[in-house]
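1. Model the structure of this input:
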Amino acid sequence: SFSAPTEFTSSDAEYIEIAFDPNNANKCVICYRDAAQSGYGKAIVGTVSGTSISFGTMEAHFNAGSTNRPSLAWDPDNSGKLVIAYSDLGNSGNSGQGTAVVGTVSGTSISFGSEVIFCTGETQQTAITFNSSNTYVITYRNEGNSNYGEGIVGTVSGTSISFGTASVFNSASTATNQVAADPNTANTVVVAYSNAATNPSTGGAAVGTVSGTSISWGSEQQFASTETDWVRMAFDPN
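-> Below you'll find the predicted structure:
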């Protein structure tokens, strides 16, 4: 059963993503694209109490420009800390560059550090997962590199994030993808994706191994031979 819905914005929200804070019970953050305000990237803090949810009074901009498909991940080792990754379609003349920003939650409000570009080519289908020890893995389709699927490691320090060198997990046209870290095996992630180079677009997956600020990928393993799209995945923490 469900409680009555609670509106978190009166604007036109698209590409909505939500995740709970692993360190603060009943606290979550929603990020989305505000289509009614030039596609700005926004986020808001939600608090669950019983069968109801309430929201902070201010939606914070993490990108004051057109934003495509934001994805967020919390740091379970640092209370109130998260990273949002997205394709920046409009800020400061960017044309879909892959961008990330560190968010800090305090009470019912969220603030952001400076935006950092992780891919200078046009990116699509951005996904992010926390890895370990202040590091995250971001996967995406790089339209500036023949639509290949790529992954990159980001390291958070305070309210800023820096990146290593990207590596290719699928050297062919890649559609939707999702990345998840194994909570029981340090520095191991899996990316699952739709391989658009085949006809039909098959489902593939690959294991990524993080070493410092670099990531390497094992061979692709096909999990679906039929038309595959909107791939999602999650590890069992137990």
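
2. who does the helix or strand harbouring Ser71 pair up with?
-> Remark: Ser71 resides in strand 67-74, with elements defined by DSSP states H and E. Its sheet considered, strand 67-74 pairs with strand 81-88 (antiparallel) by DSSP bridges.

3. Quick one: distance of the partner strand to the chain centre.
-> 6 Å (C-alpha atoms, centre = their mean, to the nearest Å).

4. ok, then the element right after it?
-> With DSSP H and E, the next secondary element past strand 81-88 is strand 97-106.

5. Could you check the angle that next one makes with strand 67-74?
-> With axes from the mean of the first three to the mean of the last three C-alpha atoms, to 10 degrees defining the directions, strand 97-106 sits at 50 degrees from strand 67-74.

6. Show me how far stretch 148-159 is from its chain's centre.
-> The answer for stretch 148-159 is 10 Å, by C-alpha atoms, centre = their mean.

7. For the strand holding Ser71, output the C-alpha coordinates as CSV.
-> C-alpha atoms of strand 67-74 as CSV (Å, rounded to 0.1, in the frame of the first residue of the first chain):
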residue,chain,number,x,y,z
THR,A,67,21.1,18.9,-17.8
ASN,A,68,20.7,15.4,-19.2
ARG,A,69,20.1,12.2,-17.2
PRO,A,70,21.7,13.0,-13.8
SER,A,71,22.7,10.0,-11.6
LEU,A,72,23.7,10.1,-7.9
ALA,A,73,25.6,7.9,-5.4
TRP,A,74,26.2,8.4,-1.7
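
8. Kindly check the end-to-end length of stretch 45-62 for me.
-> Criterion C-alpha to C-alpha, to the nearest Å; first-to-last residue distance in stretch 45-62 is 13 Å.
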